[in-house]
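Visitor: below are the sequence and a predicted model; questions follow.
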2 protein chains.
Amino acid sequence: MASRNLYTCLSPALLDLYDISNSVVVIIDVLRATSTIATALHNGASSVIPVATVQQCIELGESVGGITAGERDGKVAEGLTYGNSPFEYPRSFIENKVLVLTTTNGTKLLHMALDRGAPEIITGSFPNLSAVCEHLIASDKDVLLGCAAWKDRVNLEDTMFAGAVISTIKSHFNILCDSSAIAENIYLEAGEDRFGFMKNRNATHYHRLMKYGLEKDIRYCLTADGANVLPIFKGDRLVIA
Amino acid sequence: MASRNLYTCLSPALLDLYDISNSVVVIIDVLRATSTIATALHNGASSVIPVATVQQCIELGESVGGITAGERDGKVAEGLTYGNSPFEYPRSFIENKVLVLTTTNGTKLLHMALDRGAPEIITGSFPNLSAVCEHLIASDKDVLLGCAAWKDRVNLEDTMFAGAVISTIKSHFNILCDSSAIAENIYLEAGEDRFGFMKNRNATHYHRLMKYGLEKDIRYCLTADGANVLPIFKGDRLVIA
């Protein structure tokens, strides 16, 4: 029997319920932070520094000479140069640059996991699904799949991604966790047409992004292995493991 | 288009995210508090008073001359007389009596909803599924399906019951809530054999109760309409609406 445990935390507001002192914490913010992080690193960014506020983003961007990026309410935040779309970061633009990225939900969860002493933090999204799964199987640690959610409300896409990971790696772990059972169920129920599932289930983030004409982003962020690298948090930034 | 909103809150730790100032809050603690509450009232209990602690249960039980009941870690709590099983409350025993019941998760959520000013609080469980649905359709208020969960961790059975309600009444409400989409999905996926679903999905509470030989309780608590009354909170207690 497997000796490592896997849990799924469906909202940052529930993180305190889980012991993560021996866990790899996977930060999941499918639309769009962790998909964009994987994409930027895959396309050659030297690192991605996640920060909580626009002000920190501006200050750190200046001090490290990095690209400042982030959105608030679906628009590039005032004072920053780029947004949260993975399509803003092709190799021709982002290679060898530092991306300083402020996002609301994903960054918050990452810093919470850091404060709570997680020994390892990585980011996960469909574009780097396989890299995440391979790493978790090869690791000797427990796993906490941490959904960034939306302002602490559970969301469909992060839950679905947690389910994708569980579905792939479950034979390597003890899983006695109803949230994991729920997540896997959602993933399996969605099937291959995850975009259609989000639409048919009236997912809040589907509406939020479609309103801004971002169907292309949603489709990309729900597609497996388009930027299959493993972002790992070292010091103050995410780099390829 | 429906003008009332319905939300699902998967854990008491998330309750603060929802505006419940114009909502019927449905307290859901399928295994076993709200199933037992419906059963006791259905069998003629004059009221059920939910309290948070064993000490409150003892004191209130004495002052109202009621039956004191509650469990901690699956056993009748020290100082109380009865437990949380619906089978402890047949009509021959409970008719015309007051049941003072202390439970951990359901009572906590009920008092949270009360403190936050919910204008109406009812309890829901499979044994009174139809009564809950009929009431919510007939009401003029928004709906918050509040899962009591297990020590704030999301659980499968409360989520599944929320999904059962949603599946039945959704045409009467606006539902833009991913937790509701997830809940309905789980309910539909479970199908008629909810006991088998709990077992196959390795639900934590399934194991917790099976360890104490309570398969009969689980099966009863997952069966629709065995005690089809509507418990509503008035003053300090639950009575049939």
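Guide: Here it is on my side, so go on. Values in this document were obtained by computation on a predicted structure and should not be read as measured data.

Visitor: in terms of contact, does A:Ser85 touch A:Asp217 like I think?
Guide: Yes - using Cβ atoms under 8 Å, A:Ser85 is in contact with A:Asp217, at 5.4 Å. Every residue, glycine included, has its C-beta placed from N, CA and C.

Visitor: which residues do the two both contact?
Guide: Counting by Cβ atoms under 8 Å, 6 or more residues apart in numbering or on different chains, the residues touching both A:Ser85 and A:Asp217 are A:Arg32.

Visitor: what pairs with the lowest-mean-pLDDT helix or strand in chain A, parallel or antiparallel?
Guide: Ranked by mean pLDDT, DSSP states H and E, the helix or strand of chain A with the weakest confidence is strand A:75-76, at a mean of 86. Using DSSP bridges, the strands paired with strand A:75-76 are strand A:67-72 (antiparallel).

Visitor: name the residues that touch the strand it pairs with?
Guide: A:54, A:57-58, A:61, A:76-77, A:79-84, A:88, A:94, A:97-104.

Visitor: thinking again about what came up before, could you identify the helix or strand that succeeds the least confident helix or strand of chain A?
Guide: helix A:91-94 (DSSP states H and E).

Visitor: show me which residues of chain A sit near chain B.
Guide: When proximity is defined as Cβ under 8 Å from any Cβ of the partner chain, chain A approaches chain B at A:10-11, A:13-14, A:17, A:150-156, A:159, A:175-179, A:181-182, A:185-186, A:189, A:201-205, A:207.

Visitor: send me stretch A:9-19 as PDB with only the CA atoms.
Guide: In PDB, the C-alpha atoms belonging to stretch A:9-19 read as follows (Å, rounded to 0.1, in the frame of the first residue of the first chain):
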ATOM      1  CA  CYS A   9      -7.900  21.800  -0.700                       C
ATOM      2  CA  LEU A  10     -10.700  23.400  -2.700                       C
ATOM      3  CA  SER A  11     -10.200  27.000  -1.400                       C
ATOM      4  CA  PRO A  12      -7.400  29.000   0.200                       C
ATOM      5  CA  ALA A  13      -9.900  29.600   3.100                       C
ATOM      6  CA  LEU A  14      -9.600  25.900   3.900                       C
ATOM      7  CA  LEU A  15      -5.800  25.600   3.800                       C
ATOM      8  CA  ASP A  16      -5.300  25.700   7.600                       C
ATOM      9  CA  LEU A  17      -7.200  22.400   7.800                       C
ATOM     10  CA  TYR A  18      -4.300  20.500   6.200                       C
ATOM     11  CA  ASP A  19      -0.900  19.600   7.600                       C
END
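
Visitor: mean confidence for that stretch?
Guide: The average of the pLDDT scores along stretch A:9-19 is 98.

Visitor: what comes up buried for that stretch?
Guide: A:Cys9, A:Leu10, A:Ser11, A:Pro12, A:Ala13, A:Leu14, A:Leu15, A:Leu17, A:Tyr18 (16 or more other Cβ atoms under 10 Å in any protein chain shown).

Visitor: who's in contact with A:Ser130?
Guide: By Cβ under 8 Å, 6+ apart, the neighbours of A:Ser130 are A:Ala224, A:Asp225, A:Asn228.

Visitor: can you do 7 Å?
Guide: Residues in contact with A:Ser130 (Cβ atoms under 7 Å, 6 or more residues apart in numbering or on different chains) are A:Asp225, A:Asn228.

Visitor: name the helix or strand for it, please.
Guide: Per DSSP H and E: helix A:129-138 holds A:Ser130.

Visitor: so after that helix, what's the next helix or strand?
Guide: strand A:142-147.

Visitor: dump the C-alpha coordinates for that next one into PDB.
Guide: Only the C-alpha atoms of strand A:142-147 are listed here, as PDB (Å, rounded to 0.1, in the frame of the first residue of the first chain):
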ATOM      1  CA  ASP A 142       2.900  13.900   0.600                       C
ATOM      2  CA  VAL A 143       0.800  16.100  -1.800                       C
ATOM      3  CA  LEU A 144      -1.600  18.900  -1.200                       C
ATOM      4  CA  LEU A 145      -3.400  20.000  -4.300                       C
ATOM      5  CA  GLY A 146      -4.200  23.600  -3.600                       C
ATOM      6  CA  CYS A 147      -7.000  25.300  -5.600                       C
END
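
Visitor: for the helix or strand just after it, packing partners?
Guide: Downstream of strand A:142-147, the next assigned helix or strand under DSSP H and E is helix A:156-169. For helix A:156-169, the packing partners by 3 or more Cβ pairs under 7 Å, 6 or more residues apart in numbering or on different chains; DSSP states H and E come out as strand A:23-28, helix A:129-138, strand A:142-147, helix A:178-190, helix A:194-200, helix B:178-190.

Visitor: quick one: helix A:156-169 to chain centroid distance?
Guide: 12 Å (Cα atoms, centre = their mean, to the nearest Å).

Visitor: same check, this time on stretch A:181-189
Guide: 18 Å.

Visitor: and stretch A:60-74, by the same measure?
Guide: 18 Å.

Visitor: return the set of buried residues in the helix holding A:Ser130.
Guide: A:Leu129, A:Ala131, A:Val132, A:Cys133, A:His135, A:Leu136.

Visitor: what's the angle from it to strand A:142-147?
Guide: Between helix A:129-138 and strand A:142-147, the angle comes out at 150 degrees (axes from the mean of the first three to the mean of the last three Cα atoms, to 10 degrees).

Visitor: output the below-cut-off pLDDT ranges for chain A.
Guide: A:1 (pLDDT under 70).

Visitor: one more time with 80
Guide: A:1-2, A:73-74 (pLDDT under 80).

Visitor: now A:Gly83. Nearest residue, chain neighbours left out?
Guide: A:Val76 (4.5 Å; Cβ to Cβ, 6 or more residues apart in numbering or on different chains).

Visitor: hang on, I meant A:Gly65
Guide: A:Gly65's closest residue in space is A:Val98 (Cβ to Cβ, 6+ apart), at 7.1 Å.

Visitor: mind checking how far that neighbour is from A:Gln55?
Guide: 18 Å (Cβ to Cβ, to the nearest Å).
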